[in-house]
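Asker: Pasting a predicted model and its sequence here:
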Amino acid sequence: MKGPEGFLNILPPRPWVTLAPMAGYTDHPYRLLCKEGGADFVCTELLSANAVHYGNQKTFTMMDWTDEERPVGCQIFGAEPEYMAETAHAAWTRGADVIDINLGCSVPKVLRTGAAAALCRDLNVLRPVLQAVVEAVDCPVTIKIRAGWDQDCINAVQVSQMAEEVGIAAVAVHGRTSKQGFNGFADWGVIGEVKRAVSIPVLGSGDVVSPEDAEKMLAETDVDGIMIGRGAWGDPWIFGRVKAWLLDARRLPAPTAVERLETLLRQARMMVAQKGERVGLSQMRMHAAHYIKGLPNASELRGRYMKLETLPDVEALLTEALDEAREWELREGPLRIEREPMRAAA
Ligand SMILES: Cc1cc2nc3c(=O)[nH]c(=O)nc-3n(C[C@H](O)[C@H](O)[C@H](O)COP(=O)(O)O)c2cc1C
């Protein structure tokens with residue numbers, strides 16, 4: 001089913017707590033862990049419509065979802081309406097539940113092609129791209145935008161209103177401008193303005209790293225859902241903690257050192273199984289740094305981990321670290337590392 005009804009139909013009751021799409025992170029193993037950790041919705045990394053059009057096999061391998069992670073969105077970017085329609089159709093026929101159009105990426109290489117955040121600078125150029133994608137598939141099409149191009153061009157409301165007109169099912173707003181990149185704070189005020197200006201569901205993105213942040217964003221913006229990106233690094237359980245707090249005012253404990261190390265090992269195995277040892281372990285390093293952060297002997301463990309190049313070596317090191325963490329937790333009790341709220345008073 002298309003449109004907002006289609007989107008509401010595949011998601012649980014609101015407020016949703018979802019995984020923000022992140023290039024280099026939100027691959028199949030990580031999406032699965034976040035789903036298990038309580039995420040209501042997960043989305044792929046951004047896929048290039050040009051690459052799909054020219055038959056780049058690596059891009060097709062990113063359409064790698066499985067039923068366990070549903071509902072799953074496939075995020076695409078591009079500036080050509082025909083290529084975007086073709087890519088959306090390819091993802092939909094491969095079983096994506098939602099097609100998400102990336103209108104927020106501000107990497108110069110992408111902006112030079114007129115795609116992503118650059119498309120939002122001219123609504124007359126953007127409109128046919130959105131229309132082409134909506135017409136190409138029989139599933140909800142969503143967009144992910146930024147607050148605007150820069151402080152002098154904050155146009156998230158105008159973009160969202162136009163998107164609603166052409167049949168977009170939901171909009172996610174990252175409250176920073178393109179020029180801002182990831183600096184400063186996200187402006188949740190703009191997210192609230194979008195929510196008040198459209199009737200389709202709105203998700204807020206930016207600076208939610210704790211249940212308190214999520215509660216504050218909900219209170220300030222009244223959004224239908226919250227996206228968590230960097231707050232889920234090394235912490236795929238955050239979705240469950242945020243939901244328990246928002247829905248039942250229940251505080252779930254943060255994961256223990258042992259749980260973090262066990263999950264790091266599991267994710268490393270999944271990455272190698274899917275991508276092979278060289279690519280899997282290389283991409284795993286940044287995840288590992290986040291799982292290890294705050295553990296006893298973190299810097300030594302991180303230093304040793306980063307040098308490893310084979311799965312048996314990773315398994316040996318993490319088994320040793322797990323034995324130590326189990327002993328430590330038996331002696332001292334569970335070691336839980338809670339992240340400080342970013343935007344809300346603790
Ligand atoms: C490393 C990284 C990669 C990202 N890649 C994407 C992407 O592929 N598509 C997208 O829409 N947003 C992407 N984003 C933006 C996030 O989805 C999110 O909007 C932003 O990080 C703010 O949320 P946070 O404070 O919860 O991280 C990326 C962010 C980071 C940090």
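Answerer: Structure received.
Asker: Count the neighbours of Q283 for me.
Answerer: The local packing count at Q283 equals 16, with neighbours defined by other CB atoms under 10 Å. The way it works is simple: take the backbone N, C-alpha and C, and place the C-beta from them, glycine included.
Asker: doesn't D27 make contact with it?
Answerer: Yes - shown here, Q283 and D27 form a contact pair, counting by CB atoms under 8 Å, at 7.5 Å.
Asker: Quick check: neighbours shared by the two?
Answerer: 271, 275 (CB atoms under 8 Å, 6 or more residues apart in numbering).
Asker: Pretty sure A172 is one of the things I143 touches, is it not?
Answerer: Yes - counting by CB under 8 Å, A172 is a contact partner of I143 at 7.3 Å.
Asker: Could you tell me which residues touch both of the two?
Answerer: D100.
Asker: can you list the residues of the stretch 151-300 of the chain near the ligand?
Answerer: 174, 205-208, 228-231 (CB under 6 Å from any ligand atom).
Asker: if you look at those, which of them are in strands?
Answerer: Mapping those onto strands (DSSP state E) picks out 174, 205, 228.
Asker: what number of residues lie near the first one?
Answerer: By other CB under 10 Å, 28 other residues sit near H174.
Asker: Residue in the stretch 201-346 of the chain with the shortest distance to the ligand?
Answerer: At 2.8 Å from the ligand, G229 is the closest residue in the stretch 201-346 of the chain, using CB to the nearest ligand atom.
Asker: I'd like the domain boundaries of this structure, if you could list them.
Answerer: 3-248, 257-332 (automatic domain parsing).
Asker: JSON lines for the ones you listed, including mean pLDDT?
Answerer: Converted to JSON lines, the domains of the chain look like this (pLDDT from 0 to 100):
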{"stretch": "domain 3-248", "mean pLDDT": "97"}
{"stretch": "domain 257-332", "mean pLDDT": "97"}
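Asker: Spell out the residue ranges of the strands in this protein.
Answerer: 16-19, 42-48, 72-77, 98-103, 141-148, 170-177, 202-205, 225-228.
Asker: Give me the nearest residue to the residue of the stretch 201-346 of the chain closest to the ligand, chain neighbours excluded.
Answerer: A20 (3.4 Å; CB to CB, 6 or more residues apart in numbering).
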